[in-house]
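Student: What shape does this take:
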Amino acid sequence: MSITQPGVYENFEIRNGTIDIYVDNVTLRNFRIIGGGPWWNIHAHNVRQNILIEDGELTNPNGDNVVTGSGITLRRMHIHDAWDML
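Tutor: Numbers count the residues shown, from 1 in each chain. Alright, predicted model coming up:
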């Protein structure tokens, strides 16, 4: 899933996929990403600002980082079964 518009993205589940964020001012809320792939679950590309990730679950047992990038705030997350968390 590629995010190219600012806004709130909530109430979703992704299996064996990733989220790539290309804009500032994005909120991810109330979601699950299970098995993101070989690299990450969520990647904020380039230097981002105001990326809020909250009330979600991330797991990536076959990948590297769960969340990567800059300008990211995590709140109330359940992160498990991954090589590196952040």
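Student: contacts, neighbours, all on C-alpha from now
Tutor: OK.
Student: Where do the strands of this protein begin and end?
Tutor: 2-3, 7-15, 19-21, 26-34, 42-44, 51-54, 57-65, 67-68, 72-75, 78-84 (DSSP state E).
Student: okay if I get these as a markdown table plus mean neighbour count and mean pLDDT?
Tutor: Shown next, in a markdown table, are the strands of the chain (neighbours: other Cα atoms under 10 Å; pLDDT from 0 to 100):
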| stretch | mean neighbour count | mean pLDDT |
| --- | --- | --- |
| strand 2-3 | 14 | 97 |
| strand 7-15 | 13 | 96 |
| strand 19-21 | 19 | 95 |
| strand 26-34 | 19 | 96 |
| strand 42-44 | 22 | 94 |
| strand 51-54 | 20 | 98 |
| strand 57-65 | 21 | 82 |
| strand 67-68 | 20 | 90 |
| strand 72-75 | 14 | 96 |
| strand 78-84 | 15 | 83 |
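Student: I'd guessed residue 29 sits against residue 51; true?
Tutor: No - contact criterion Cα atoms under 8 Å: residue 29 and residue 51 do not qualify, at 11.0 Å.
Student: which residues touch stretch 2-21?
Tutor: 1, 22-37, 40-45 (Cα atoms under 8 Å, 6 or more residues apart in numbering).
Student: Determine how far the last residue of it lies from the first.
Tutor: 6 Å (Cα to Cα, to the nearest Å).
Student: just how off-centre is it within its chain?
Tutor: 7 Å (Cα atoms, centre = their mean, to the nearest Å).
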